[in-house]
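Participant: Just a sequence and a predicted model for now, questions to come.
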Amino acid sequence: MTHKIAVLGTGKIGEALLGGMLRAGRAPADLLVTVRRAERAVALRARHGVETVGNAEAAKNADILILAVKPQDMAALLDELAPHTPADRLVISAAAGITTGFVESHLTPGTPVVRVMPNTPALVDEAMSVISGGTHATEEHLAHAEDIFNGVGKTLRLPESQQDAATALSGSGPAYFYFLVEAMTDAGILLGLPRDKAHDLIVQAAIGASVMLRDSGEHPVTLRGAVTSPGGTTISAIRELENHGVRAALIAALEAARDRSRQLAAGA
Ligand SMILES: NC(=O)C1=CN([C@@H]2O[C@H](COP(=O)(O)OP(=O)(O)OC[C@H]3O[C@@H](n4cnc5c(N)ncnc54)[C@H](OP(=O)(O)O)[C@@H]3O)[C@@H](O)[C@H]2O)C=CC1
Ligand SMILES: O=C(O)[C@@H]1CCC=N1
């Protein structure tokens, strides 16, 4: 049976999922999207050929509701949806920090809720989406969520107690790599390379390293060791990274992201 799927709050991540579902072969007629601003509706129609509907209409007509508003907008959206959402809808929340318990508490008792943390490489079908079930989510509900998110990359089930950590590593993860590329491109400019050439060199190094990390089966320490010649260039750079506390900075940064996810759960 083909499910009708609604994306409620079609911003950056909602649009990435919408595009992925269309690429995966879902018919535009089986997809409903909601937005807050009229110009966003126009842009989505132009880019994807989909019509927008109101939140209440989406809740009435779709079998699966994907909530993709900011955590701070989630309570208002749930209150708007509650009177129109029968308990047989599968509700999937993609919001950082927001717990399945929070979503359940706003909806008809018994509503199945799944929490998912995707990331923006969904735009190129290379997302990682971490999936956890709420109180009333069955294996079938989790499988529906996996089916949707497998269309834009990989999925991984984790207990909900690990979702804030997964958000720090995986949801926010791509940003850290963009930050590194940005900083390393600046370094290339300092070393006298043109910006576009520095960018190309760093991006290809990142792609090559990523494919090796994924496909070689080797530990990152082994892969780094193979680059690090005795008395050579790489170890000179590594010493500076350690001197500047980059490893400790990354650990502190991800801990801060995990803590922020917890704060968002508390409505901060
Ligand atoms: N960006 C990312 O990498 C990731 C984000 N997430 C999560 O996804 C969610 C969305 O993030 P992101 O896409 O970045 O944010 P965006 O601001 O781009 O998207 C949220 C969208 O929801 C719309 N919106 C807000 N309230 C309503 C409403 N009541 N009805 C309909 N639409 C509404 C907003 O409209 P308007 O534009 O008018 O404000 C906006 O377009 C967040 O909860 C975030 O934690 C999860 C994983 C990764
Ligand atoms: O920065 C954020 O809060 C969202 C959640 C994960 C990635 N972006």
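Facilitator: That came through fine. Ligands and ions are numbered 1, 2, ... in the order given.

Participant: rest of the way, CA atoms for contacts and neighbours
Facilitator: Fine.

Participant: residue boundaries of the strands in the stretch 101-250 of the chain?
Facilitator: 113-117, 127-133, 153-157 (DSSP state E, counting those that start in this stretch).

Participant: who does the last one touch, helix- and strand-wise?
Facilitator: Packing contacts for strand 153-157, counted by 3 or more CA pairs under 8 Å, 6 or more residues apart in numbering; DSSP states H and E, involve strand 127-133.

Participant: in its sheet, what does the strand it packs on sit against?
Facilitator: With DSSP bridges as the criterion, the sheet partners recorded for strand 127-133 are strand 113-117 (antiparallel), strand 153-157 (parallel).

Participant: With mean neighbour count and distance to ligand 1 as added columns, please give those in a markdown table.
Facilitator: Supplementary listing: the strands paired with strand 127-133 in a markdown table, determined by neighbours: other CA atoms under 10 Å; distance: least, CA to the nearest ligand atom, whole Å:
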| stretch | mean neighbour count | distance to ligand 1 |
| --- | --- | --- |
| strand 113-117 | 29 | 5 |
| strand 153-157 | 17 | 13 |
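
Participant: Tabulate the ones you listed in a markdown table, adding columns for distance to Ala76 and mean pLDDT.
Facilitator: As requested, the strands paired with strand 127-133 are arranged in a markdown table below (distance: least, CA to CA, whole Å; pLDDT from 0 to 100):
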| stretch | distance to Ala76 | mean pLDDT |
| --- | --- | --- |
| strand 113-117 | 17 | 98 |
| strand 153-157 | 28 | 98 |
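
Participant: Pull the contacting residues for the residue in the stretch 151-268 of the chain that ligand 1 sits nearest to.
Facilitator: When you check the stretch 151-268 of the chain against ligand 1 by CA to the nearest ligand atom, the closest residue turns out to be Gly171, at 4.7 Å. Under the criterion of CA atoms under 8 Å, 6 or more residues apart in numbering, the contact list for Gly171 reads Met117, Pro118, Asn119, Thr120, Met128, Ser129.

Participant: Columns distance to Glu240 on top of the strands of the stretch 101-250 of the chain, output as a markdown table?
Facilitator: As requested, those are arranged in a markdown table below (distance: least, CA to CA, whole Å):
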| stretch | distance to Glu240 |
| --- | --- |
| strand 113-117 | 34 |
| strand 127-133 | 32 |
| strand 153-157 | 35 |
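
Participant: closest to Gly231 out of these?
Facilitator: Closest of these to Gly231 is strand 127-133, at 38.1 Å (criterion: CA to CA).

Participant: gap between the closest one and the chain center?
Facilitator: Relative to the chain's own centre, strand 127-133 is displaced by 8 Å; criterion: CA atoms, centre = their mean, to the nearest Å.

Participant: Can it be said to contact ligand 1?
Facilitator: No - where contact is defined by CA under 6 Å from any ligand atom, no part of strand 127-133 touches ligand 1; the two come within 8.3 Å at best.

Participant: repeat for stretch 176-192
Facilitator: No - against ligand 1, stretch 176-192 shows no contacts by CA under 6 Å from any ligand atom, the least distance being 11.5 Å.

Participant: And that stretch, what's buried?
Facilitator: Within stretch 176-192, the residues scored as buried using 16 or more other CA atoms under 10 Å are Val181, Glu182, Met184, Thr185, Asp186, Gly188, Ile189.
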